[in-house]
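Asks: Quick check, what structure comes out for this input:
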Amino acid sequence: MHKIKLLLAILTLTAPSVILQAEDIDFATQIYPFVKSGCVSCHSPPYADERGRTRRPKADIILATKEGILNSVDENDEKILVPGEPDKSRMLQVTKLPIYDDMHFPPEGKAPQWTDAEKELFSKWIASGADFGDWTEDPTPREGLEWDGIEKKAGTLETFE
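Replies: All right, here's what the predicted structure looks like:
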């Protein structure tokens, strides 16, 4: 009986902080900005370049919409984001690989690397259930993408096939 009371006391003291953490992470303002700068140039919905050619997302992974993030799969047909399970979320795991690893993302020189703080925040957001709030999509996913002061324009990225 004493163990049960102790366990209940621990759960009572720790549960509010977990709930507070989940409510404190806002996808639109805290998570999406680094997802956009590091991923969306290659993983946005299909679009027509200046010549009218359709450009498709790399590996058919779309990271500029909630539906795309939740439904995109990796090469093994595994979902890239598993709410509540950061260790099973490939979208996070590839950012943690060594930069020289062929599977590390974003590829070096193609987009800004996520900082350790961003990876940690993303991990906490996934662990807390990956709540998108009211965010469903970026209506202009390719606007404002810059690296090293050079703006990348639609149709000029070597990363698109």
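
Asks: quick one: low-confidence parts of this protein?
Replies: Counting by pLDDT under 70, the chain has low-confidence residues at 1-23, 145-161.

Asks: now the residue nearest the centre of it: how far from residue 121?
Replies: Central residue of the chain (C-alpha atoms, centre = their mean): residue 35, 4.8 Å from the mean position. Residue 35 sits at a distance of 11 Å from residue 121 (criterion: C-beta to C-beta, to the nearest Å). For every residue, glycine as well, the C-beta is placed using N, CA and C.

Asks: how about the helices in this protein?
Replies: Assigned helices in the chain, in chain order: 2-24, 32-35, 66-71, 90-96, 116-127 (criterion: DSSP state H).

Asks: Which parts of the last one count as buried, going by neighbours?
Replies: This means helix 116-127. 118, 119, 121, 122, 123, 124, 125, 126, 127 (16 or more other C-beta atoms under 10 Å).

Asks: of all the residues you listed, which comes closest to residue 63?
Replies: residue 122 (12.0 Å; C-beta to C-beta).

Asks: looking at it, that closest one is touching residue 96, isn't it?
Replies: No. If you go by C-beta atoms under 8 Å, residue 122 and residue 96 don't touch, sitting 10.1 Å apart.

Asks: that older thread, verify the contact between the residue nearest to the centre of the chain and residue 61 for me.
Replies: No. Shown here, residue 35 and residue 61 do not form a contact pair, counting by C-beta under 8 Å, at 11.7 Å.

Asks: Closest one of the buried residues of helix 116-127 to residue 135?
Replies: residue 125 (12.0 Å).

Asks: Would you agree the closest one is in contact with residue 26?
Replies: No. With contact defined as C-beta under 8 Å, residue 125 does not reach residue 26; the gap is 9.1 Å.

Asks: of all the buried residues of helix 116-127, which comes closest to residue 46?
Replies: Checking the buried residues of helix 116-127 one by one against residue 46 (C-beta to C-beta), the nearest turns out to be residue 122, at 25.3 Å.

Asks: which ones are touching that closest one?
Replies: 31, 34, 86, 92, 95, 114 (C-beta atoms under 8 Å, 6 or more residues apart in numbering).

Asks: Could you identify the pair within the residues you listed that is furthest apart?
Replies: 34 and 86, at 15.5 Å, using C-beta to C-beta across the contacts of residue 122.

Asks: Give me the distance between residue 68 and residue 130.
Replies: Distance from residue 68 to residue 130, by C-beta to C-beta: 13 Å.
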